[in-house]
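>>> Have a look at this prediction, sequence included:
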Amino acid sequence: MFVLEEPTSRKRQRISLEPATDDQSPVTKRQRSSPGEEARSGRELPSFWDTLSKIRLSRGALREFDRRNDQTECSPSLLPEPTTTSLPKQDLHKIKRFAQHGGPNLAHLRGVCSSCIQWYECMRLTGCDFQYSNLPIPVGDAMSQPSSRSRKRSSTSNQSGTTKTSKSCSAYSSNFELKLIDHGIYPKGYEFEDNRTPPPPANLEDIRRRLTQPRLSLSPSQFSESDFNNFERHNDRAQTEWKAMTKVVPIIAGDSDDRHPSEADVPFGHLEPMSKDIVKPKPDIYYGAKPEQIDRRVRDELGKYIVPSSDTSLPAVPNCFLEGKSAKGRADVARRQACYDGAVGARAMHQLQNYGASPPVYDGNAYTITNIYHDGLLMMYATHPAEPKVPGGQPQYHMTQLKGYAMTGDVETFRKGAAAFRNGRDWAKEQRDRFIADANGTAQRRSVEPSSSTVKNSSTSSSTAAEAEFTDSDTSADELALDNDLTSKRPRRASPANQNRYQPSIGRDRHG
């Protein structure tokens, strides 16, 4: 054991570097929680990092790195004993000066815990014989072994003793986009390894032409310069996302009444997850169809793809979305959210389009629109499904930009942008209603076919019974044949299918 001399300076004394004795365990910098109470608040699931094709440097990755480091215990009894009995005064001054300049470069000690580092530094500066083989923890992989220098951790241990559950990765993580790509969901501008870009939808130009159609509700007589100034004032004052969604977006969207059923901030917890490691979609606004518009058989069979919430009264088959951000919001987060929303909507429309069909058909068209509004800029995207990379795999989803408008530029640009948003919403509703009508028709035909076979079987049974009775009666063969002929020609009414009585209102909103 080495003894430190008391410093002669009147400045605040530093903590003694004397190592712990056999009767005194070394002081740890943080409390370790038991395996059952490991605190992982606000972190992604461990399986999220294990399945990533490439881990990007982020706060979440560093937290997971620290969490795995904490699982490795370093036993103090295995630490090498120092060979010196005292620390000379000149060595103490060396250590002080060394610490003032940030300490030594310990990059070559990757995989060694902080306790071993402290022992190593003391022995190195005092001339002790030190070998890497003396360390209880071997130098290994940086992700599976403790780091050489501990960082400040806000939630490494659970000080309160309560157990907190893990959270899935959200769009605020830079690894979220990579997780989408790993599952075949490609954002706008993505390039494959051979520098190929995803193909645009086959109906891209048709959608763009539809978006540029003028609307009477946005003409100069209906939307004046003063209305635009009011919109610009609300946009400048929207410092939070809530303000942007409640004060700014309604001016762009207009009053849609009951023509466009919508909901806001609803988690899509009822849908089949795209990936178990990422959060459920929760668009700021989505537009869909009223549940009663869809045949119940279709809802039952495709519920995990087209019914987003466990509250079945909310709109279904979402295929038009809006993600809004204020001036302080992050545009990259909005793009990731929009990419995720578009894939969920494209999957719902593709399932509805191929209801009752096998194998599924990929026509290359887009039937889903996603909008982003961020600090006066409106961006519009289309998402369409493509065939899986391997037979029987998951479909691919490609995001393509449609239009972009600087809504605060001038009143003419605002009119074009607002018209594009409303036209896109109308177009999405038309595609949704068309697919719902086709799926309803398929469900009705499938319900009628079993009834027809039942009628045929019943007629055959009646004929067989009549023939058996003929052998014991005086009825002639011609009369029996006539009766059977009449019976077989008389149609039996099949059970009518459950018809949907809902018809969307065709009322027109005052904004067109």
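Perfect, thanks for sending it.
>>> gap between the two ends of stretch 356-375?
Criterion C-alpha to C-alpha, to the nearest Å; first-to-last residue distance in stretch 356-375 is 44 Å.
>>> buried set for that stretch?
362, 364-375 (16 or more other C-beta atoms under 10 Å). For the C-beta atoms, the positions are set from N, CA and C on the backbone; glycine is no exception.
>>> Include distance to residue 284 when you put the residues you listed into TSV, please.
Shown next, in TSV, are the buried residues of stretch 356-375 (distance: C-beta to C-beta, whole Å):
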residue	distance to residue 284
362	29
364	29
365	26
366	21
367	21
368	16
369	14
370	11
371	10
372	10
373	9
374	11
375	15
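>>> Output those residues in TSV, with distance to residue 268 and pLDDT appended to each entry.
Converted to TSV, the buried residues of stretch 356-375 look like this (distance: C-beta to C-beta, whole Å; pLDDT from 0 to 100):
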residue	distance to residue 268	pLDDT
362	23	94
364	26	95
365	23	96
366	20	97
367	18	97
368	14	97
369	17	97
370	14	97
371	17	97
372	18	97
373	20	96
374	22	95
375	26	90
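>>> Now tabulate the residues you listed in a markdown table and tack on distance to residue 60 and secondary structure.
Listed next are those as a markdown table, based on distance: C-beta to C-beta, whole Å; DSSP: H, G, I helix; E, B strand; the rest coil:
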| residue | distance to residue 60 | secondary structure |
| --- | --- | --- |
| 362 | 35 | coil |
| 364 | 36 | coil |
| 365 | 37 | coil |
| 366 | 32 | coil |
| 367 | 34 | coil |
| 368 | 29 | strand |
| 369 | 31 | strand |
| 370 | 25 | strand |
| 371 | 28 | strand |
| 372 | 23 | strand |
| 373 | 27 | strand |
| 374 | 23 | strand |
| 375 | 26 | coil |
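>>> How much space separates the nearest residue to residue 240 once chain neighbours are set aside from residue 406?
Leaving aside its chain neighbours, residue 240 sits nearest to residue 326 (5.3 Å; criterion: C-beta to C-beta, 6 or more residues apart in numbering). Separation of residue 326 from residue 406 (C-beta to C-beta, to the nearest Å): 16 Å.
>>> ok, the residue nearest to residue 240 touching residue 237?
No - using C-beta atoms under 8 Å, residue 326 is not in contact with residue 237; the gap is 9.8 Å.
>>> In terms of neighbours, single out the busier of the two.
Between residue 326 and residue 237, residue 326 has the larger neighbour count (other C-beta atoms under 10 Å), namely 19 against 14.
>>> Can you pull out the low-pLDDT segments for the stretch 201-350 of the chain?
Applying pLDDT under 70 to the stretch 201-350 of the chain flags the ranges 256-257.
>>> for it, what spans make up the helices?
Along the stretch 201-350 of the chain, counting by DSSP state H, counting those that start in this stretch, helices occupy 204-211, 225-237, 241-243, 249-253, 296-301, 303-306, 331-353.
>>> now for the buried residues of stretch 356-375, which pair is the farthest apart?
Spatial extent of these (C-beta to C-beta) is set by the pair 362 and 375 at 36.6 Å.
>>> anything in contact with each of residue 326 and residue 237?
residue 243 (C-beta atoms under 8 Å, 6 or more residues apart in numbering).
>>> Residue ranges of each domain in the protein, please.
Domain segmentation of the chain under automatic domain parsing yields 35-167, 179-441.
>>> Burial-wise, tell me which of the ones you listed comes out on top.
The highest average neighbour count among the domains of the chain, using mean count of other C-beta atoms under 10 Å, belongs to domain 179-441 at a mean of 19.
>>> Do me a favour and get the end-to-end distance for that one?
Terminal residues of domain 179-441 lie 38 Å apart, using C-alpha to C-alpha.
>>> got it, and stretch 265-273?
Here the two ends of stretch 265-273 are set 18 Å apart, with distance taken as C-alpha to C-alpha.
>>> which residues are in contact with it?
Stretch 265-273 has contacts (C-beta under 8 Å, 6+ apart) with 280-284, 286, 303-305, 307-311, 314, 318, 344.
>>> Strands - which of those residues land there?
286, 318 (DSSP state E).
>>> Pull the contacting residues for residue 47.
Residue 47 touches 276, 277, counting by C-beta under 8 Å, 6+ apart.
>>> element containing it, please.
Using DSSP states H and E, residue 47 sits in helix 46-50.
>>> got it, and residue 181?
Using DSSP H and E, residue 181 maps to helix 176-182.
>>> Quick one: list the elements packing against that helix.
helix 331-353 (3 or more C-beta pairs under 8 Å, 6 or more residues apart in numbering; DSSP states H and E).
>>> Can I get the helix it packs on as CSV, trimmed to CA atoms?
Written as CSV, here are the backbone C-alpha positions of helix 331-353 (Å, rounded to 0.1, in the frame of the first residue of the first chain):
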residue,chain,number,x,y,z
ALA,A,331,-37.7,18.4,-40.9
ASP,A,332,-35.8,15.1,-41.0
VAL,A,333,-38.2,13.6,-38.4
ALA,A,334,-41.2,14.7,-40.4
ARG,A,335,-39.8,13.0,-43.5
ARG,A,336,-39.3,9.7,-41.6
GLN,A,337,-42.8,9.9,-40.2
ALA,A,338,-44.2,10.6,-43.6
CYS,A,339,-42.3,7.7,-45.1
TYR,A,340,-43.6,5.4,-42.5
ASP,A,341,-47.2,6.6,-42.8
GLY,A,342,-47.1,6.2,-46.6
ALA,A,343,-46.0,2.6,-46.4
VAL,A,344,-48.8,1.8,-44.0
GLY,A,345,-51.3,3.5,-46.3
ALA,A,346,-50.0,1.8,-49.4
ARG,A,347,-50.2,-1.6,-47.7
ALA,A,348,-53.8,-1.0,-46.7
MET,A,349,-54.8,0.0,-50.3
HIS,A,350,-52.9,-2.9,-51.8
GLN,A,351,-54.6,-5.4,-49.5
LEU,A,352,-58.0,-3.9,-50.3
GLN,A,353,-57.1,-3.9,-54.1
